[in-house]
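Chemist: Below: sequence and its predicted model.
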Amino acid sequence: MTITLDEGKVITAHHQNHEIRTDQPLAGGGQNTAPAPFDLFLASIGTCAGIYIKSFCNQRNIPTENIRIIQTIDFDPQKRLPSKITLDIQLPSSFPEKYKSAVINAADLCAVKRAIADPPVFELLTSIQD
């Protein structure tokens, strides 16, 4: 993955054949043309859980159109970081009762959540390019 520092506060991640743009909100000096990096991080948690839920349902031929995940974040004001992230998996009344706890287990497999729970070591370095 290559990250480029673009015009204004726009930063772009180039990964495989995709470009993932970020920007800062107006209050942060950006133009608010794309989500802020931290917003993408938070969105990756819910969307990751969503893909696990969708796969679980698809394997069992359970319709997913009316499933929603409502993600809420409690912030620690001193650390200015999340202290609790809640994923409320809202299921339609037609969802099979026998799979309700299993769908939570599926969401719990999310790789993003697991990476946060068991964080990697970060190494920051510099190099000179020609």
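Modeler: Cool, got the structure.

Chemist: now the helices: where do they sit in this protein?
Modeler: Secondary structure of the chain, counting by DSSP state H: helices at 37-59, 100-108, 111-117.

Chemist: so where do the strands sit in the protein?
Modeler: 2-5, 11-15, 18-22, 68-76, 81-90 (DSSP state E).

Chemist: domain parsing for this protein?
Modeler: 1-34, 36-117 (automatic domain parsing).

Chemist: Can you check the distance spanned by the first one, start to finish?
Modeler: Its start and end residues considered, domain 1-34 measures 19 Å (C-alpha to C-alpha, to the nearest Å).

Chemist: For that domain, give the mean pLDDT please.
Modeler: Along domain 1-34, the predicted confidence averages to a pLDDT of 97.

Chemist: before we move on, the earlier item: possible to save the strands of the chain as CSV with distance to A102 and mean neighbour count?
Modeler: Glycine gets a C-beta too; all of them are placed from N, C-alpha and C. Output for the strands of the chain, formatted as CSV (distance: least, C-beta to C-beta, whole Å; neighbours: other C-beta atoms under 10 Å):
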stretch, distance to A102, mean neighbour count
strand 2-5, 38, 10
strand 11-15, 32, 15
strand 18-22, 32, 14
strand 68-76, 16, 11
strand 81-90, 11, 12
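
Chemist: Mind putting those strands into TSV with distance to T33?
Modeler: Converted to TSV, the strands of the chain look like this (distance: least, C-beta to C-beta, whole Å):
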stretch	distance to T33
strand 2-5	15
strand 11-15	11
strand 18-22	7
strand 68-76	23
strand 81-90	25
